[in-house]
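Colleague: one predicted model, sequence on top.
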Amino acid sequence: MADSVIPMRVAAEKLEVFVARAFQAVGISAAESKSIAELMVRADVQGSEGHGVFRLPQYIRRIKGGAVNIRPNIRVVREAAGMALVDGDNGMGHLVMRFATEKAIEKAQSAGVAWVGVKWSNHAGPASLYASMPAERDMIGLYLAVGNANHLPAWGGLDMLLSTNPIAVAVPAAEEPAIVLDMATTVAAYGKVKTKAQRGETMPEGWMMDRQGRPLTDPRRANEGFLLPIGGYKGYGLALIFGLLAGTLNGAAMGKEVVDFNADDTTPTNTGHAIIAINVAAFQPVAEFKKNVDVLVRDLRGSQRLPGVDRIRLPGEGSHAARADRLQNGIPLPAPLAASLRQLAAELRIAPF
């Protein structure tokens, strides 16, 4: 049964300090621990709860198990004017992707468009974290990744050879918030299944199916089935293509090579990502573009609605609302999550949040 207790709220700054302290306790430098913590807590601030501090105990287990390099040499190994290939040296995904995104932004300043592929990385949190970074610099950001466990078979199959392989796109606006699309190629990301399980909640029908083709709603039985793709066979096709672009193209894991980091704390994952930065100024004046985005947003929001529909929403609105609330009132931590973080603090012999 789901926990009915109102979650405690913790200030983002306080949670950041705790997360950084945890990574320092397992040997990551103070500067890099702070960088990882900032990105992880940013995920919670925007409402991406399955990819924020919820993942901290798992990350620490994998570091302790030797699956992650705590002193990586993150570097560019191939390069041209509008592209680069980054080798993350099995470092924490947040560090690798921050490096890759900054490289894409830098290259797009001169090349107009830059595509940076990544290999030998790890789970890096929600896709929108990195797509949003170019948008903050008057660019359009587009991010793809290979998920860190296979939970999706080919359409009509049973062997799980694909992951949730997400995409995120962030488009800057002028007075309106940026449009930020962040979605898995499955109906639900597996992180949502894990958070449902931790809270003792059931999943809606349509998230998962068992191996006999029946709806699966108990997240504790997730290993008995698989996630369902968005739009049926179309979602399967997107998962395949995104995986080829973010994984195979970069020499990263794809298909049978993908390591289930939920069950394996010792094996490097060779996670692949791709980040594309599109410099708006290369196409037209930035102010003009952003003004036109505003106009489109307002046209969509003001368009005629179906009966019973209270408002038209734009991609990213939920995250913008969560950010405003959580920066003011703190990040909600459900009781099971708070307990797991306190247990981790005790194991690491560090002060809790």
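Modeller: Perfect, I can see it now. Numbers count the residues shown, from 1 in each chain.
Colleague: check the secondary structure at the residue lying closest to A127 once chain neighbours are set aside for me.
Modeller: Excluding its sequence neighbours, the residue lying closest to A127 (C-beta to C-beta, 6 or more residues apart in numbering) is A168, at 3.4 Å. Heads up, the C-betas are built off the backbone N, CA and C, glycines and all. Classification of A168 by DSSP: H, G, I helix; E, B strand; the rest coil places it in strand.
Colleague: OK, contacts around A168?
Modeller: 126-128, 130-132, 141-143, 180-183 (C-beta atoms under 8 Å, 6 or more residues apart in numbering).
Colleague: from T269, how far off is it?
Modeller: The gap separating A168 from T269 is 20 Å, by C-beta to C-beta, to the nearest Å.
Colleague: and A281, by the same measure?
Modeller: 36 Å.
Colleague: okay, these two: which has more neighbours?
Modeller: Neighbour count, other C-beta atoms under 10 Å: between A281 and T269, T269 has more, with 25 against 14.
Colleague: what's the pLDDT at that one?
Modeller: In this model, T269 is scored at 98, pLDDT.
Colleague: quick one, phi psi at it?
Modeller: phi -90, psi -20 (degrees, to the nearest 10).
Colleague: now swap in R220 and tell me
Modeller: The phi/psi pair for R220 (degrees, to the nearest 10) is phi -70, psi -20.
Colleague: confidence score at it?
Modeller: Looking at R220, its pLDDT is 93.
Colleague: that one: neighbour count?
Modeller: 12.
Colleague: I'd like to know how far it sits from K14.
Modeller: 31 Å.
Colleague: and the residue nearest to P172 when sequence neighbours are not counted, how many neighbours?
Modeller: Take P172 and drop its neighbours on the chain: the residue closest to it by C-beta to C-beta, 6+ apart is A135, 4.5 Å away. Per other C-beta under 10 Å, the neighbour tally for A135 reads 23.
Colleague: kindly report the same for the one 10 residues further on.
Modeller: Close neighbours of A145, defined as other C-beta under 10 Å, add up to 31.
Colleague: likewise the one 3 residues further on?
Modeller: Other residues within reach of N148 by the criterion other C-beta under 10 Å amount to 24.
Colleague: mind checking how far the closest residue to M8 other than its chain neighbours is from F353?
Modeller: With sequence-adjacent residues excluded and distances taken as C-beta to C-beta, 6+ apart, M8 is closest to L333, at 5.3 Å. L333 is 8 Å from F353, where distance means C-beta to C-beta.
Colleague: now for these two: what residues contact both?
Modeller: Common neighbours of L333 and F353 (C-beta under 8 Å, 6+ apart) are V10, L341.
Colleague: residue most distant from the centroid, the protein?
Modeller: Largest separation from the mean C-alpha position in the chain: P307, at 34.3 Å (C-alpha atoms, centre = their mean).
Colleague: the spatially closest residue to T195 that is not a sequence neighbour: what's it in contact with?
Modeller: Of all residues not flanking T195 in the chain, G50 sits nearest, at 5.1 Å (C-beta to C-beta, 6+ apart). G50 makes contact with A189, Y190, G191, K192, K194, T195, according to C-beta under 8 Å, 6+ apart.
Colleague: ok, now with 7 Å
Modeller: By C-beta atoms under 7 Å, 6 or more residues apart in numbering, the residues touching G50 are A189, G191, K192, K194, T195.
Colleague: swap in G147?
Modeller: Contacts of G147 by C-beta under 7 Å, 6+ apart are S163, T164, N165.
Colleague: this structure: helices as residue ranges?
Modeller: In the chain, the helices defined using DSSP state H lie at 12-25, 30-45, 56-64, 93-111, 128-135, 190-199, 233-246, 286-301, 317-329, 335-348.
Colleague: looking at these, which is buried most?
Modeller: With neighbours defined as mean count of other C-beta atoms under 10 Å, those peak in mean count at helix 128-135, which reaches a mean of 26.
Colleague: what packs against it?
Modeller: helix 30-45, helix 93-111, strand 139-145, strand 167-171, strand 179-183 (3 or more C-beta pairs under 7 Å, 6 or more residues apart in numbering; DSSP states H and E).
Colleague: and of the ones you listed, who's closest to R62?
Modeller: Nearest to R62 among the helices and strands packed on helix 128-135 is helix 93-111 (10.8 Å), distances taken as C-beta to C-beta.
Colleague: so what secondary structure elements neighbour the closest one?
Modeller: For helix 93-111, the helices and strands in contact under the criterion 3+ C-beta pairs under 7 Å, 6+ apart are helix 30-45, strand 83-87, strand 113-121, helix 128-135, strand 271-279.
Colleague: make it 10 Å
Modeller: If you count contacts as 3 or more C-beta pairs under 10 Å, 6 or more residues apart in numbering; DSSP states H and E, helix 93-111 packs onto helix 30-45, strand 75-80, strand 83-87, strand 113-121, helix 128-135, strand 139-145, strand 271-279.
Colleague: angle of the first one against helix 128-135?
Modeller: This means helix 30-45. Angle, helix 30-45 to helix 128-135, by axes from the mean of the first three to the mean of the last three C-alpha atoms, to 10 degrees: 100 degrees.
Colleague: by contact count, what packs against helix 30-45?
Modeller: By 3+ C-beta pairs under 10 Å, 6+ apart, helix 30-45 packs against helix 12-25, helix 56-64, helix 93-111, helix 128-135, helix 317-329, strand 331-333.
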